[in-house]
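Chemist: Sequence and predicted model, in that order:
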Amino acid sequence: MVSPDGRTPVGLVVGTVSASPLEFSVGVAPDQFLQLDDVVVTRRALPDGGEVRIAGVVTGVEAGHEGARFASDVFLIEQGALPAEVSEVAEVTVTRVEPEVYVPPRPGTAVVRATGADRDSALYFDTMADAKLPVGLGRDGQPVYLNFEFVDGTRGGHVSISGVSGIATKTSFATFLLHSIFNSGVLAGEAHNTKALIFSVKGEDLLFLDYANARLTEEFRARYAHLGLPADSFRNVQVFAPPRPGDPSGTPDVRARDKAVSPFYWTLAEFCEQELMPFVFADGEDERSQYTMLIGQVAARLKRDHQKVGKDGAVQVTGVDPGRGGQLRSFEQLVGLIEDELLDEDTRRDWVAGSTSTGSVNAFLRRLRSAVRPLSTIIRSDLADRGDRSLSTSQAQVTVVDLHNLPDRAQRFVVGVSLRQEFRRKEEQGTARPLMFIVLDELNKYAPRDGDSPIKQILLDVAERGRSLGVILIGAQQTASEVERRIVANCSIRVAGRLDPAEASRPEYGYLPPAQRQRATIAKPGTMFVSQPDIPVPLAIEFPFPAWATRSSEKGTWNGVDTGPATPEDPFAGMGADDDDDPPPF
């Protein structure tokens, strides 16, 4: 059996299952096989002498005995006592029809594997031109590409990555995606000025992006070469970490990284000047509370009446009792001043307008007081002035902000303030290029489906207006069903790794065909299902083992400088449910 173009077919279009212009079934030849995600192509002759090329992706495969009636017949068939034939039928979802004459393939027509130009055409890679962004290898071992125009804001933007913590390798894929963006050539001459802001919320795994991975083998390097990417670490990285509690020198609170780490915190003067008070109340339910009207009023009073004292950012607040309004050098002292002023009915009216109830004031102060302990490390004026302590993406291509040692309340504050700062900077810049990529894990925590908060409003702004400003969100979450709908809806690229069975049944994963939803519940680490607007069927890919260290024991060279041998470690160690940043073990 030979196809018209001389290639050996994998099967024929079957006649027992109706074929349509959008899907058809293939009877697999006895000496061939088709697996899920294989790309195939067939042709249909037209009466005018023309030909239609129909290409698609295998989305289902079934095998059975033809002639058997009962389950027990399999034993008689195996013994030769009952005549039957084994049949294997693959379901194909059509991805492309060229030219666009939508006719079904005829039963008995030869079907071949799509290779070379046929594969590029079937998956629309031939239409991507200079926008081909490699994201991994397909089931056939060949590169799979994203259309970068649906990432960079040209025709769409933002990426949503979902999957079970510790197994889906969401963060590893996000960093690989950045590596591909910076090194594949899709940015052309803009790559050097393009920025990435990464929030590290789970352990110190993301603090070694500029260290080569000592476990990278030649086999792994070959996969990078096949994708046209260098098997290198990120070279221009700046790491920020909060000051170590109780350390008067402001030493960054990190353990495994000992190079190029800067502390970050905000002085009281910056807290007042930038009106950062709303981010102290960044929990999802706060905007529904009665006291939220007080937040803006207190923030406005602090901005109007604070005076900076000295170079370390200490403040005085004018218009208050001198006994209360001395120099303030800690967040606790500032909260104490606000508490004294609002509890005094004579001074309360200078801070809040209208007839504010005592209950609302007490609720506001209770929440403010509870923020003292988690935020005192990062809002302070008791450290000597350091020029490198301000969170900024201006000094490096990749900026990593380590949050894992901070309480949840402080993590929310840092994320909210940093996002607002970078988004405003891009607004003031006035141009979309160079791009700014923001990588944020646990998106469902910062932009939950229910409730409201300052962080959620910023993320909504990023999702809805960001691509016009060159701000691209790469968000990761365990459960896309718990993320604000408008954010997920604005993501042109959707990626799913290993999914919880209950989560996989949610409508948010409607872009996955039923077979892929089921497969996602057993997907191994490193396997992702990538959906993009160009291709009607999500593609299963495997992305390479990270070329950069993902833990201290993997550290190799740092910016080309040897750091000594890595500590031997079980490559599967740490793949628990609480560590989502481990690399795929393939």
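Modeler: That came in fine, so what should we check first?
Chemist: Show me the helices in the stretch 1-150 of the chain, by range?
Modeler: Per DSSP state H, counting those that start in this stretch, the stretch 1-150 of the chain has helices spanning 73-79, 116-122. These are given in chain order.
Chemist: so of these, which one's packed in deepest?
Modeler: Burial among those, expressed as mean neighbours by mean count of other Cβ atoms under 10 Å, is greatest for helix 116-122, which shows a mean of 17. The way it works is simple: take the backbone N, C-alpha and C, and place the C-beta from them, glycine included.
Chemist: roughly how far is that one from the heart of the chain?
Modeler: Once both centres are worked out by Cα atoms, centre = their mean, to the nearest Å, helix 116-122 turns out to sit 29 Å from its chain's centre.
Chemist: same question, stretch 37-47
Modeler: Averaged C-alpha coordinates place stretch 37-47 at 36 Å from its chain's average position (Cα atoms, centre = their mean).
Chemist: ditto for stretch 73-89
Modeler: Taking Cα atoms, centre = their mean, one finds the center of stretch 73-89 at 49 Å from the center of the full chain.
Chemist: go on, stretch 174-181?
Modeler: Its chain's average C-alpha position is 10 Å from that of stretch 174-181, according to Cα atoms, centre = their mean.
Chemist: Mind exporting the C-alpha coordinates of that stretch to CSV?
Modeler: The C-alpha trace of stretch 174-181 is given here as CSV (Å, rounded to 0.1, in the frame of the first residue of the first chain):
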residue,chain,number,x,y,z
ALA,A,174,7.7,29.6,32.8
THR,A,175,11.5,30.1,33.1
PHE,A,176,12.1,27.9,30.1
LEU,A,177,9.6,30.1,28.1
LEU,A,178,11.6,33.2,29.2
HIS,A,179,14.8,31.5,28.1
SER,A,180,13.3,30.8,24.7
ILE,A,181,12.0,34.3,24.3
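Chemist: Outside of that stretch itself, list whatever touches it.
Modeler: The set of residues that contact stretch 174-181 without belonging to it, under Cβ atoms under 8 Å, 6 or more residues apart in numbering, is 133-136, 148, 151, 159, 161, 187, 194, 196, 198, 206, 209, 227, 229, 234, 398, 437, 439, 441, 474, 476, 543-544, 546-548.
Chemist: What is the burial count for residue 541?
Modeler: By other Cβ atoms under 10 Å, the residues close to residue 541 number 23.
Chemist: Out of the helices of the stretch 1-150 of the chain, flag the one nearest residue 262.
Modeler: Minimum separation from residue 262 across these (Cβ to Cβ) falls at helix 116-122, 45.2 Å.
Chemist: which residues sit against the closest one?
Modeler: Residues outside helix 116-122 that contact it (Cβ under 8 Å, 6+ apart) are 39, 41, 53, 55-57, 95-96, 98, 112, 114, 125-126, 140, 142.
Chemist: hey, where'd the helices end up in the stretch 151-300 of the chain?
Modeler: Taking DSSP H, counting those that start in this stretch as the criterion, the stretch 151-300 of the chain carries its helices at 170-183, 218-226, 268-273, 292-305.
Chemist: I'd like to know which elements the third one is packed against.
Modeler: In other words, helix 268-273. With contacts defined as 3 or more Cβ pairs under 8 Å, 6 or more residues apart in numbering; DSSP states H and E, helix 268-273 has these neighbours: helix 292-305, strand 306-309, strand 314-317, helix 331-343.
Chemist: Flag every buried residue along the last one.
Modeler: By neighbour count, and taking 16 or more other Cβ atoms under 10 Å as the criterion, the buried residues in helix 331-343 are 331-335, 337-339, 341-342.
Chemist: Tell me how far residue 360 lies from residue 452.
Modeler: As judged by Cβ to Cβ, to the nearest Å, residue 360 and residue 452 stand 18 Å apart.
Chemist: do residue 77 as well
Modeler: The gap separating residue 77 from residue 452 is 63 Å, by Cβ to Cβ.
Chemist: Now for the contacts of helix 116-122, which sits with the most neighbours around it?
Modeler: residue 56 (28 neighbours).
Chemist: is it true that that one touches residue 90?
Modeler: No - with contacts counted by Cβ atoms under 8 Å, residue 56 stays clear of residue 90, the gap being 9.9 Å.
Chemist: what residues do the two have in common as contacts?
Modeler: Both residue 56 and residue 90 are contacted by residue 40, under the criterion Cβ under 8 Å, 6+ apart.
Chemist: rewinding a little: identify whichever of the helices and strands packed on helix 268-273 lies nearest to residue 432.
Modeler: Shortest separation from residue 432 across the helices and strands packed on helix 268-273 is recorded for helix 292-305, at 30.6 Å, computed as Cβ to Cβ.
Chemist: what's the average pLDDT for the closest one?
Modeler: When the per-residue pLDDT values of helix 292-305 are averaged, the result is 90.
Chemist: what does it contact?
Modeler: By Cβ under 8 Å, 6+ apart, helix 292-305 touches 271-273, 275-278, 280-281, 286, 317-320, 338, 342, 350-353, 356, 360-361, 364.
Chemist: Dump that helix to PDB, restricted to CA.
Modeler: What follows is helix 292-305, C-alpha atoms only, in PDB (Å, rounded to 0.1, in the frame of the first residue of the first chain):
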ATOM      1  CA  THR A 292     -12.100  50.300  53.600                       C
ATOM      2  CA  MET A 293     -13.100  54.000  53.100                       C
ATOM      3  CA  LEU A 294     -10.700  54.900  55.900                       C
ATOM      4  CA  ILE A 295      -7.700  53.400  54.100                       C
ATOM      5  CA  GLY A 296      -7.600  56.000  51.400                       C
ATOM      6  CA  GLN A 297      -8.200  58.900  53.800                       C
ATOM      7  CA  VAL A 298      -5.400  57.900  56.200                       C
ATOM      8  CA  ALA A 299      -3.100  57.300  53.300                       C
ATOM      9  CA  ALA A 300      -3.900  60.800  51.900                       C
ATOM     10  CA  ARG A 301      -3.200  62.400  55.300                       C
ATOM     11  CA  LEU A 302       0.100  60.700  55.600                       C
ATOM     12  CA  LYS A 303       1.100  61.800  52.100                       C
ATOM     13  CA  ARG A 304       0.100  65.400  52.800                       C
ATOM     14  CA  ASP A 305       1.500  65.900  56.200                       C
END
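Chemist: Could you check the angle it makes with helix 331-343?
Modeler: Compare the direction of helix 292-305 with that of helix 331-343 by axes from the mean of the first three to the mean of the last three Cα atoms, to 10 degrees and you get 110 degrees.
Chemist: how about helix 292-305: buried residues?
Modeler: Along helix 292-305, the positions that meet the burial threshold by neighbour count (16+ other Cβ under 10 Å) are 292, 294-295, 297-299, 301-302, 305.
Chemist: of all those, which two lie farthest apart?
Modeler: Pairwise distances across the buried residues of helix 292-305 (Cβ to Cβ) peak at 21.5 Å, for the pair 292 and 305.
Chemist: domain assignment for this structure?
Modeler: Domain assignment for the chain, taken from automatic domain parsing, gives 11-114, 130-242+391-558, 268-375.
Chemist: Quick check: which of the ones you listed is buried the most?
Modeler: Relative to the other members of the domains of the chain, domain 130-242+391-558 carries the highest mean neighbour count by mean count of other Cβ under 10 Å, namely a mean of 21.
Chemist: Cool, thanks, talk later.
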